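Asks: quick one: sequence plus predicted model below, questions after.
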Amino acid sequence: MILANFKKQIPGYLAFIIIAAGLSFLTDYYSKKNCHIFYKDLSFSGVVTKKYVDYKQHEYPFIELRTSVDSTQLISLSNDNSGLFELIQVNDSLTKSSGELKVHVYRCSSDSTIFLQIKCI
């Protein structure tokens with residue numbers, strides 16, 4: 001009797017598992033897609049005033065840019081694997097246009113271009 005009831009419920013359990021797996025996949029897919037869109041749409045231009053790893057925020061690397069005399073912009077590089085954080089130094093000038101992943105690094109002795117390599121988890 002118990003086995004007969006269980007056999008009747010199997011299709012419902014399977015449907016639930018399939019729907020849950022599908023929703024999990026779609027949520028993960030759109031989360032990663034939004035992460036890439038965020039970094040691609042991000043734009044900035046300024047002088048690096050600070051760079052640090054925030055150990056209270058999952059050890060994420062941050063840079064702070066002075067964008068004008070009285071304005072700063074904080075940028076998280078937590079999803080970037082290009083080495084930009086290691087390359088830049090305080091007083092470097094950085095520019096990035098919206099719609100691309102290319103970052104220009106200007107230093108008194110040299111200019112570099114880095115392409116962000118985004119790894120969204």
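Replies: Yep, it's here.
Asks: ok, the residue most central in space within the chain to residue 103 distance?
Replies: Taking CA atoms, centre = their mean, the centroid of the chain lies closest to residue 79, which sits 3.9 Å from it. Using CB to CB, to the nearest Å, we find residue 79 at a distance of 14 Å from residue 103. For glycine as for every other residue, the C-beta is placed from the backbone atoms N, C-alpha and C.
Asks: again with residue 65
Replies: 11 Å.
Asks: overlap in contacts, those two.
Replies: residue 94 (CB atoms under 8 Å, 6 or more residues apart in numbering).
Asks: on that earlier part again, so the residue nearest to the centre of the chain touches residue 101, yeah?
Replies: No. Counting by CB atoms under 8 Å, residue 101 is not a contact partner of residue 79; they are 11.4 Å apart.
Asks: give the residues shared as contacts by the two.
Replies: 39, 118.
Asks: hey, which helix or strand in this protein has the poorest pLDDT?
Replies: Across the helices and strands of the chain, mean confidence by mean pLDDT, DSSP states H and E is lowest for helix 2-41: a mean of 63.
Asks: so which other helices or strands are in contact with the helix or strand immediately after that helix in the chain?
Replies: Going down the chain from helix 2-41, the next helix or strand is strand 44-54, by DSSP states H and E. Judged by 3 or more CB pairs under 8 Å, 6 or more residues apart in numbering; DSSP states H and E, strand 44-54 is in contact with strand 60-68, strand 71-76, strand 93-96.
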